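Asks: Turn this into a model:
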Amino acid sequence: MPTLPTPAPIEVEIARIRELSKAGLHCEALAAAEALVDAVPTSRDALYLIATNLRCLNRLADAMASLQDLERQHPRFSLLYQERGYCFSAQRDVSHAIEAFSQAVNLNPALMTSWIMLERLYRMTGQVQQASKAAEQVAMLNQLPPEVVRAGILFSDGELSATGNILRRYLQNGGNHVQAFRLLARVERQTNELEEAERLLVTALKLEPNYRATRLDYARVLFEQQKYLQVIEVLEDLLAADPGDKDFRSLYAAACAGLGRHERAIDAYRQLLAESPQSHEFYVALAHSLKCIGRREEAVASYKTASDINPSFGDAYWSLANLKTYHFSDDEIAHMRAEESNSGVASIDRYHLCFALGRAYEDRKQYADSWQYYERGNTLKRNESRYRLEYSEINTRQQSEICTAEFFAHRANVGAPDSDPIFIVGLPRSGSTLIEQILASHSQVEGTQELPELARIVRGLEGSQSDPENPRYPAVLAELAAEDFRKLGNGYLNITRAYRGNKPFFIDKMPNNFRHIGLIHLILPNARVIDVCREPMACCFSNLKQLFASGQEFTYSMEDIARYYRTYLDLMRHWDAVLPGRVLRVCYEDVVEHLETNVRRILRFCALEFEPACLEFYKTQRTVATASSEQVRQPIFCDSLLQWRNYERWLRPLKDALGDAVQRYRE
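Replies: Below you'll find the predicted structure:
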């Protein structure tokens, strides 16, 4: 069993105060809790202990006031509502007591004592049906192991570490309850350990194969790993048994969209909206699919409906801005500004609104106002990120140390021999969607999307317990046999087939794959790799004004994006040295200024005959899921090449951080 962490001093004091309360020493416990709050005003547990000990001293008015303070700081803490229920019960205010205990169990269904109180209060007031439901919950909780009940209480109140410790200890000591596996999987999911969550849910399903809630959790974890085909397989079975379930249907629609099956997703979302016409989330999801297949006007209408239903829903406004072709009216800008300045707006909505306002003012050439909102949005997003650029720099250094020319010479042609994939790599916002659209306009090439499969292979090689400061990958590549590389290559080809049609070649446009060109060479030695580079100031600025749906956490500060760009140049220089001729470098500016020359060069590298359709790429009808979806449906224009100069007075720190990258990016 892993060694548990040493409790922090505040945790030790909280434990001591609890013991005083249990011993009936409420005056002493109250004094200690108040002293702790003086030192740590935001301590949730200390504030809660003040309220409970005030109640036990029959100071009910003071207890209620203390609970109000607690609610202002921690409104999702279930035990505060349970304690409020006790206070109302002591005052013989049954209706408010029921309301408070109901709030407690809505937040935390594992609160046994709240259910017991609800059953008692419902029976007192003659609410027989509600009393029976509460009794059923009490009976269900009584059937669970006490460790699982305790863990459930902690989990609902956000105590993930304590929840995980209890459940792991229970399972290590021979516990084998399905709810323990399911709850621990939820802990792992919230800490982004998705592979471990999947493993735990598979174990839970072996214990109870038909448990609906576990199967839905399993489908969600698969979805978050972008295993969309498996999600659909799981959900088709669930929908066969319960075709009306909205949770199943909404996840099914999202999985279809993830696979690029947008027509099917659109039908599913329209059916859901017919039943839930006030769902702003469904309207945005519907609009995303409409946008991907080029139905722009319908997408705009759907985004606007979402903002009408929920005027502070930042994602709707940012999605309009992210079309790159939508221009906000004066009234829309005034409304967004008012919502963004509203103190009650959630952080996620605020930074979505900031990026939308940045774009709105950029379109109007009001660059000072535009930068103000771009900068604020980036600050908000960076403040909530746990991203550490050092890990990317460690990866760059280790790739150079492990993946040498000699290393590859000893492993020549060990992977799957197929030449189907064309990898387009680089930084986000480098012009890779343009190159993808050009190639996907060729009759022999399938345009897919930014596929997650190579990243999944890397995570599998790293293992779930990998230390980010000393990772197993890429060093683990030296431990693999030739057959292992062949299996990985064939596995990649098999899984990505779900995204393909019948064309002989397909594109994987995940930009971050530039880190794994060595792995690509080992598992798919005949695949093509195209690196799309862009002038660093233009590329980095374009990232700073882009709010990504997920990932790309290095784009929300000038220092981070500049350092990341430099590691990109360093690693691409390494691949050129150890795998000469393996990667075709395409400069975005060259494509914009000399389209046909570069199109012919790209096709020649891919061993494809020239086709005029590649020059008229903007006429190609296909799904495009990236932020450039509307731009690549238009002829090439040069306006974007120097847009960053409009913001040059604010970008001096970026230029300084890039250093000589401004010159050497073309080397």
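
Asks: Please list all residues in contact with the residue positioned nearest the centre of the chain.
Replies: The geometric centre of the chain, computed from its C-alpha atoms, lies nearest to residue 550 (Cα atoms, centre = their mean), at 4.6 Å. Neighbouring residues of residue 550 by Cβ atoms under 8 Å, 6 or more residues apart in numbering: there are none. Backbone N, C-alpha and C define where each C-beta goes, glycine included.

Asks: Just say helix, strand or coil for it.
Replies: Reducing the assignment at residue 550 to three states with DSSP: H, G, I helix; E, B strand; the rest coil gives coil.

Asks: what does the model give it for pLDDT?
Replies: Per-residue confidence (pLDDT) for residue 550: 81.

Asks: same thing with the one 4 residues further on?
Replies: We note a pLDDT of 93 for residue 554 in this prediction.

Asks: Longest helix of this protein, counting residues only.
Replies: As far as residue count goes, and with DSSP state H defining each element, the longest helix of the chain is helix 558-578.

Asks: Show the average pLDDT along that one.
Replies: 96.

Asks: Identify the residue spatially nearest to residue 333, adjacent ones excluded.
Replies: For residue 333, the nearest residue in space outside its immediate sequence neighbours is residue 360; the separation is 5.3 Å by Cβ to Cβ, 6 or more residues apart in numbering.

Asks: before we move on, back to that, the longest helix of the chain packs against which elements?
Replies: helix 389-402, helix 405-409, helix 517-523, helix 536-544, strand 583-587, helix 652-658, helix 661-664 (3 or more Cβ pairs under 8 Å, 6 or more residues apart in numbering; DSSP states H and E).

Asks: domain assignment for this structure?
Replies: Following automatic domain parsing, one gets these domains for the chain: 9-185, 189-345, 389-463+470-664.

Asks: Residue 382: which of these is closest?
Replies: domain 389-463+470-664 (4.0 Å; Cβ to Cβ).

Asks: got the end-to-end distance for that closest one?
Replies: Between the start and the finish of domain 389-463+470-664 there is a gap of 21 Å, counting by Cα to Cα, to the nearest Å.

Asks: count of neighbours near residue 116?
Replies: Neighbours of residue 116 under the rule other Cβ atoms under 10 Å: 16.

Asks: following the helix or strand harbouring it, which helix or strand shows up next?
Replies: Secondary structure assignment for residue 116, by DSSP states H and E: helix 112-124. Per DSSP H and E, helix 112-124 leads on to helix 128-143 as the next helix or strand towards the C-terminus.

Asks: Need the contact partners of the helix or strand following that next one.
Replies: Towards the C-terminus, the helix or strand next in line after helix 128-143, according to DSSP H and E, is helix 146-156. Among residues not part of helix 146-156, those counted as contacts by Cβ under 8 Å, 6+ apart are 78, 107-112, 141, 144, 162-163, 166-167, 169-170, 175, 177, 179-180, 183, 186-187.

Asks: Of those residues, select the buried ones using a ChimeraX command.
Replies: Filtering these down to the buried ones (16 or more other Cβ atoms under 10 Å) takes a single ChimeraX command:
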select :78,107,108,109,110,111,112,141,144,162,163,166,167,170,177,179,180,183,186,187
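
Asks: Narrow the contacts of helix 146-156 to those in helices?
Replies: In helices, judged by DSSP H, the following of these are found: 78, 107, 112, 141, 162-163, 166-167, 169-170, 179-180, 183, 186-187.

Asks: Just name the closest of those residues to residue 293, please.
Replies: Proximity of these to residue 293 was ranked by Cβ to Cβ; the top entry is residue 186 with 34.7 Å.

Asks: quick one, what contacts the closest one?
Replies: Neighbours of residue 186 in contact, by Cβ under 8 Å, 6+ apart: 155, 197, 217.

Asks: Just give the nearest non-adjacent residue to residue 78, would you?
Replies: residue 108 is the one closest to residue 78 (Cβ to Cβ, 6+ apart), at 3.4 Å.

Asks: Surely the one you found is in contact with residue 163?
Replies: No: no contact is recorded between residue 108 and residue 163 when judged using Cβ atoms under 8 Å, the distance being 11.9 Å.

Asks: what helix or strand does the residue nearest to residue 333 sit in?
Replies: Assigned by DSSP H and E, residue 360 falls within helix 347-363.

Asks: okay, the angle between that helix and helix 536-544?
Replies: Here the directions of helix 347-363 and helix 536-544 differ by 130 degrees (axes from the mean of the first three to the mean of the last three Cα atoms, to 10 degrees).
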